[in-house]
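A.B. asks: Predicted model follows, preceded by the sequence.
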Amino acid sequence: MYIRREKGPVYVTMADGSKLTRSDLPPRNTRRWVARRKAVVVMAVNAGLVSEEEAQEMYGISSEELHSWRIAMETHGARALRATAVQKYRQF
């Protein structure tokens with residue numbers, strides 16, 4: 001039996017003491033991006049579980065889109081990632 005080893009850490013410990021693992025990430029074929037899934041990807045990138053390039057490749061998102069998610073999350077929190085709140089939290 002062959003087990004494929006991923007690059008990088010198996011898990012990272014978040015600020016609240018919880019562990020974030022690769023199995024917590026959304027599936028690679030995700031097409032409907034809700035705020036919770038975006039937040040998990042942003043937390044994984046910020047914590048170093050996956051690199052920006054790896055996240056972009058896994059999910060087929062652009063660097064600008066990932067950057068906007070990261071800015072929204074650090075500025076206003078996970079609520080800013082909701083599609084209905086785009087105008088409320090939009091950066092000018």
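C.D. replies: On my side now, so go ahead.
A.B. asks: separation between the spatially most central residue of the chain and residue 60?
C.D. replies: For the chain, the residue nearest the mean C-alpha position is residue 41 (1.1 Å; Cα atoms, centre = their mean). Distance, residue 41 to residue 60, by Cβ to Cβ, to the nearest Å: 12 Å. For every residue, glycine as well, the C-beta is placed using N, CA and C.
A.B. asks: What segments of the chain are helices?
C.D. replies: Taking DSSP state H as the criterion, the chain contains helices spanning 35-47, 52-59, 63-76, 86-89.
A.B. asks: Least reliable of those helices by average pLDDT, please.
C.D. replies: Mean pLDDT is lowest for helix 86-89 out of these, coming in at a mean of 65.
A.B. asks: what's the burial count for the closest residue to residue 9 other than its chain neighbours?
C.D. replies: Nearest non-adjacent residue to residue 9, counting by Cβ to Cβ, 6 or more residues apart in numbering: residue 49, 6.2 Å away. Residue 49 has 24 neighbours, counted by other Cβ atoms under 10 Å.
A.B. asks: got the contact list for residue 49?
C.D. replies: Contact analysis of residue 49 by Cβ atoms under 8 Å, 6 or more residues apart in numbering lists 8-9, 11-12, 20-22, 25.
A.B. asks: Out of those, which end up buried?
C.D. replies: Buried subset of the contacts of residue 49 (neighbour count, 16 or more other Cβ atoms under 10 Å): 12, 20, 25.
A.B. asks: Pipe those residues into JSON lines and attach distance to residue 84 and pLDDT per row.
C.D. replies: As requested, those are arranged in JSON lines below (distance: Cβ to Cβ, whole Å; pLDDT from 0 to 100):
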{"residue": "12", "distance to residue 84": "30", "pLDDT": "91"}
{"residue": "20", "distance to residue 84": "26", "pLDDT": "94"}
{"residue": "25", "distance to residue 84": "24", "pLDDT": "95"}
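A.B. asks: All set now, cheers.
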